[in-house]
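Asker: heads up, no residue letters with this:
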């Protein structure tokens, strides 16, 4: 068993915990998930299954490259910690197109290129990891559903994230 005498439990789900600890094998602090089925906590020590740890340490040493995507936005407002962008979305059976605001961590925005000099209709090409985009989009759509579209709708008639169509450009 891999043993950590000093660790911080960052988050716990019903299946795993997010742990932050100094990893001797790489010589630095790392944050990683461990399934509850692969760990024990005894006397304030974290014990991790050897087979799981072998594969986890390889993942830490050789992380898979992030899959990047490029999106087009008419909005680009860089804040102190996050950047506000917008995607156009249509809710099924409605003709109206809505701008959905996404908040992206500045540290995850790889590149930004201004495509249009027209101040009336600016366009920005933004490159970022796919998982960041998907996570931000899902959060924004759920916010729209909770606070607007499903606010006064009967339970059986509520919309879901899948009812939105994201429009390109």
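Answerer: Now that the structure is in, tell me what you want to look at. None of the values given here were measured: they were computed from a predicted structure.

Asker: in the protein, which ranges drop under the pLDDT threshold?
Answerer: Along the chain, the model assigns pLDDT under 70 to residues 169.

Asker: May I ask you to name the longest helix in it?
Answerer: Longest helix in the chain by number of residues (criterion: DSSP state H): helix 130-144.

Asker: For that helix, buried residues please.
Answerer: For helix 130-144, the neighbour count (16 or more other Cβ atoms under 10 Å) marks 132-133, 136-137, 140-141, 144 as buried. For glycine as for every other residue, the C-beta is placed from the backbone atoms N, C-alpha and C.

Asker: right, and the helix or strand after it?
Answerer: Next helix or strand after helix 130-144 toward the C-terminus (DSSP states H and E): strand 164-167.

Asker: Partner strands of that following strand, with direction?
Answerer: Looking at strand 164-167 with DSSP bridges, its partner strands are strand 82-91 (antiparallel).

Asker: got a list of contacts for the strand it pairs with?
Answerer: With Cβ atoms under 8 Å, 6 or more residues apart in numbering as the test, strand 82-91 has contacts from 71, 73-77, 96-106, 109, 124, 126, 137, 141, 149, 159, 163-167, 169.
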